[in-house]
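# Return atomic coordinates for the entry below.
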Amino acid sequence: MIETHQILVLGSTRYGSDRLLVRALSRSAGRVTLSLPLTHSPRSPMRASLFRPLAHLEVMWEAGPTTTVFRPRTVRTTERHDSIMSQPDKMAIVMFLAEFLSYATLEGDFGEDFFDYLVNAIGWLDACPEGYANFHVVFLFRLSRFLGIQPDWEELRGEGRYFDLQNAVFTDVRPVHSAYLEGDEAHAARQLARMNFPTMRLFRLTGAQRTAILRRLITFYRLHLTGFPQLKSLDVLETVFG
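Coordinates of the predicted model:
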């Protein structure tokens, strides 16, 4: 049966000398793997450059009851994302988020609302001319709701309390482990968790603060999602925004 799907590309790997395996998230089918001929010809309708990280594509493939790897028949770009493609700092964000999502979406069926959140967020980043240094931090805070692990950020009161990353709660008692936020970091986390993309520019963070909060956020996800490794793109992102 021929099906048409919207997908977001999460990553790709060469398979042999002449094929490309693409990991993607489909709006209606969840995680999928695509196999296509490896070509860089600008005239090819399925050239490898179309399958860049978090590219939003419409793909047609033939699906059977036992199909696990799909071979696209047609591919169409739905959004060009010219700004992301031309600005290295935005590309660093996108590469980080694509790698993050590759592991965060390994288990579960997150639905169309989740897919639409991703599409709208990347579209916002592409259109934003400035003031997006906190984008990836706010993105990860808001993502936790779709993954079912969102803490109750409203429980934070005052500057001196702790947020226990392992148990996803605020407490007056310092946790016995090292996975927690305290003081200014805990306060900043609550503020960022309440913000959206248009308002995040109003919250000023130093590079060191942003790096510390981002690393703690990743620790939070690693504690609550299985199989979450070290992220290769994190160092590049911190170099750009740290």
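# Please count neighbours and contacts with C-alpha atoms only from this point.
Noted.
# mind giving me the domain ranges of this structure?
If you go by automatic domain parsing, the domain ranges for the chain are 2-77, 82-241.
# and the ones you listed as JSON lines, adding mean neighbour count and mean pLDDT?
As requested, the domains of the chain are arranged in JSON lines below (neighbours: other Cα atoms under 10 Å; pLDDT from 0 to 100):
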{"stretch": "domain 2-77", "mean neighbour count": "17", "mean pLDDT": "89"}
{"stretch": "domain 82-241", "mean neighbour count": "16", "mean pLDDT": "86"}
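# Dump the C-alpha coordinates for stretch 71-78 into PDB.
What follows is stretch 71-78 as a C-alpha-only set of coordinates in PDB (Å, rounded to 0.1, in the frame of the first residue of the first chain):
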ATOM      1  CA  ARG A  71      12.200   2.900   0.400                       C
ATOM      2  CA  PRO A  72      10.900   6.300  -0.600                       C
ATOM      3  CA  ARG A  73       9.300   6.800  -4.000                       C
ATOM      4  CA  THR A  74       9.100  10.600  -3.800                       C
ATOM      5  CA  VAL A  75      10.500  13.200  -1.400                       C
ATOM      6  CA  ARG A  76       9.300  16.800  -1.100                       C
ATOM      7  CA  THR A  77      10.700  19.500   1.200                       C
ATOM      8  CA  THR A  78       7.800  21.200   3.100                       C
END
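# Tell me the gap between it and the middle of its chain.
22 Å (Cα atoms, centre = their mean, to the nearest Å).
# ditto for stretch 231-242
14 Å.
# Other residues contacting it?
89, 92-93, 95-96, 99-100, 133, 206-208, 210-211 (Cα atoms under 8 Å, 6 or more residues apart in numbering).
# ok, 7 Å please
With contacts defined as Cα atoms under 7 Å, 6 or more residues apart in numbering, stretch 231-242 is touched by 89, 92-93, 95-96, 133, 207-208, 210-211.
# which strand in this protein runs the most residues?
In the chain, ranked by residue count with DSSP state E as the criterion, the top strand is strand 2-15.
# nearest spatial neighbour of the residue lying farthest from the centre of the chain, skipping sequence neighbours?
For the chain, the largest distance from the centre (Cα atoms, centre = their mean) belongs to Val173, which lies 32.3 Å off. In this structure, Val173 finds its nearest non-sequential neighbour in Tyr162, 7.1 Å apart by Cα to Cα, 6 or more residues apart in numbering.
# Against which helices or strands is the longest strand of the chain packed?
Using 3 or more Cα pairs under 7 Å, 6 or more residues apart in numbering; DSSP states H and E, the elements in contact with strand 2-15 are strand 19-26, strand 56-62, helix 88-104.
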